[in-house]
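J.: Need coordinates for the following:
(one chain, ligands or ions: 1)
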Amino acid sequence: MAKILLTGGAGYIGSHTYLALIEAGFDVVILDNFSNAKDDVPARLKDISGKQVHVYQGDVLDRTLLDDVFATHKIDGVVHFAAKKAVGESVAKPLDYIHTNVGGLLNLLAAMDGAGVRRIVFSSSATVYGDTSVQPIPEDHPCTYTSPYAFTKIAGEQILEQLPDNWAIGILRYFNPVGAHQSAMIGEDPEDTPNNLVPYIAKVATGELTQLGVFGNDYDTPDGTGVRDYIHVEDLADGHVLSLKSLIETNQSHTVNLGTGEGSSVLDVLNAYSEACGKKLPHQIKPRRDGDVAVLTARPEKAKATLGFEAKRSLADMCKSSWAWVNGQRRNSN
Ligand code: UDP
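T.: Now for the predicted structure:
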């Protein structure tokens, strides 16, 4: 059974990927500093999987800890999520973002190289494509950054591209991951007022926020609101399993989009969520948000051809699973 180091494995996408890896028969060790994850996630992962969870609480910037992990476990591959991910915060704290995201990756790669582990799946993002009217976007579209966060993802990809042929590297460019695990026991859980659409709508559904502000209805899209390629977090997690399997089986590197190829507008998502929670959720049109583009959707064919990856879950599934998780959490805390 191959053993995988999952950095950031207690976070939103990391925790779902943990479960997908366990289900696929991998042995997994988590490394997470819990800066953006709840302390009870490992216990929840144990309840869902029925298996002991192996967690190191620590940072990818801690080389001594990384060396200790690689010396203790015979790791066959790494899935690297541990990074900062808020675009707005990256504008305010560019050095923090570069330190954690680029420095963390470098530190991890040096530790891996030292231990002779040369297989890595890297969390990248559709943000590497910048502001482009080419939609849906193919992987060979040029990369350009529009924020320090995006810079760190492009820099990470470019660092990985410098590694010699004895490395096998999976670069996964995520579109808009949403939804929660079918168990409703893990999901996205932002502490502050959410910046992202679905977590914000979820808080309107619970009554914590009064209404959704729709950022612009004068885009060149069917209903005037922004269009994105939302992908269920469990589909995204499955994409990581396929990426890792491909690296292990073929030793060939790949760079692929993980999206559905389908675009949904802000109002489409709001309506699907209203349907999922059984009440009409209010909204108000607001000015456009700085830095937003009209449309961002994936060309999904390469992931299918290279990995056999195809997103299976619908927008309705994404909203239903999000609501089951958020509503369950609210009931537990009352
Ligand atoms: N959006 C919105 N209101 C919000 C949050 C987001 O109208 O409170 C819109 C945003 O303008 C974009 C879409 O929802 O068109 C997705 O935004 P999100 O921040 O979730 O992801 P992004 O695509 O920006 O990474």
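
J.: how about the residues of the stretch 51-200 of the chain near the ligand?
T.: Contact residues (CB under 6 Å from any ligand atom) of the stretch 51-200 of the chain with the ligand: 176, 195-197, 200. Using the backbone N, CA and C atoms, a C-beta is placed for each residue, glycine as well.

J.: In helices, which of the residues you listed fall?
T.: Per DSSP state H, helices hold the following members of those: 197, 200.

J.: Mind giving me the ChimeraX command for buried ones among the residues of the stretch 51-200 of the chain next to the ligand?
T.: Taking 16 or more other CB atoms under 10 Å as the burial criterion, the selection of buried members of those in ChimeraX is written as:
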select :176,197,200
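
J.: just the residues of the stretch 51-200 of the chain next to the ligand: which has the poorest pLDDT?
T.: Minimum pLDDT for those is recorded at Asn195 (92).

J.: Wait, that residue touches Ala86, no?
T.: Yes. Assessed by CB atoms under 8 Å, Asn195 is found in contact with Ala86 at 6.8 Å.

J.: Mutual contacts of those two, please.
T.: Shared contacts of Asn195 and Ala86 (CB atoms under 8 Å, 6 or more residues apart in numbering): none.

J.: that older thread, of the residues of the stretch 51-200 of the chain next to the ligand, which is the nearest to Glu188?
T.: Nearest to Glu188 among those, counting by CB to CB, is Asn196 at 8.1 Å.

J.: for that closest one, what are its contacts?
T.: 176, 178, 190 are the contacts of Asn196 under CB under 8 Å, 6+ apart.

J.: Point out the ones among those that are inside strands.
T.: Those of those mapping onto strands are 176, 178, per DSSP state E.

J.: What is the nearest of the contacts of Asn196 to Ala111?
T.: Among the contacts of Asn196, and counting by CB to CB, the member closest to Ala111 is Pro190, at 30.4 Å.

J.: Tell me, what's the model's pLDDT at the closest one?
T.: 84.

J.: Kindly report the same for Asn334.
T.: For Asn334, pLDDT reads 69.

J.: Same check on Val87?
T.: Listed pLDDT for Val87 reads 89.

J.: separation between it and Leu109?
T.: Distance of Val87 to Leu109, computed by CB to CB, to the nearest Å: 24 Å.

J.: Compare those two and say which is more crowded by neighbours.
T.: More neighbours surround Leu109 than the other of Val87 and Leu109, with 23 against 17 (other CB atoms under 10 Å).

J.: Tell me how many other residues crowd the residue in the stretch 201-334 of the chain that the ligand sits nearest to.
T.: Residue of the stretch 201-334 of the chain nearest the ligand, by CB to the nearest ligand atom: Gly226 (2.3 Å). Using other CB under 10 Å, Gly226 is surrounded by 25 other residues.

J.: likewise Gly14?
T.: Applying other CB under 10 Å, we find 25 other residues in the vicinity of Gly14.

J.: and of the contacts of Asn196, the nearest to the ligand?
T.: Asn176 (5.3 Å).

J.: now the closest one, which residues is it bridged with?
T.: Tyr230 (DSSP bridges).

J.: going forward can the numbers begin at 682, since that is how I track them
T.: I'll keep to 682 as the first residue from here, and by that count the last item is Asn857.

J.: Quick one: residues contacting it.
T.: 807, 877-878, 909-912, 940, 977.

J.: which among the residues you listed end up buried?
T.: 807, 878, 909-912, 940, 977.

J.: re the thing from before, just the closest of the residues of the stretch 732-881 of the chain next to the ligand to Pro981, please.
T.: Asn857 (13.3 Å).

J.: Distance of the closest one relative to Thr978?
T.: 10 Å.

J.: Give me the common contacts of these two.
T.: What both Asn857 and Thr978 touch, as defined by CB under 8 Å, 6+ apart, is the set 909-910, 940.

J.: will you turn the residues you listed into TSV that also has pLDDT and distance to Asp777?
T.: Below are these laid out as TSV (pLDDT from 0 to 100; distance: CB to CB, whole Å):
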residue	pLDDT	distance to Asp777
Arg909	97	26
Asp910	98	28
Gly940	98	28
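
J.: Now render those as CSV, adding distance to the ligand.
T.: Listed next are these as CSV, based on distance: CB to the nearest ligand atom, whole Å:
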residue, distance to the ligand
Arg909, 5
Asp910, 9
Gly940, 11
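
J.: From those residues, pick the one nearest Ser1003.
T.: Distance to Ser1003, by CB to CB, is smallest for Arg909 among those, at 15.0 Å.

J.: returning to that earlier point: residues in contact with the residue of the stretch 882-1015 of the chain closest to the ligand?
T.: 896-897, 900, 946-947, 973-976.
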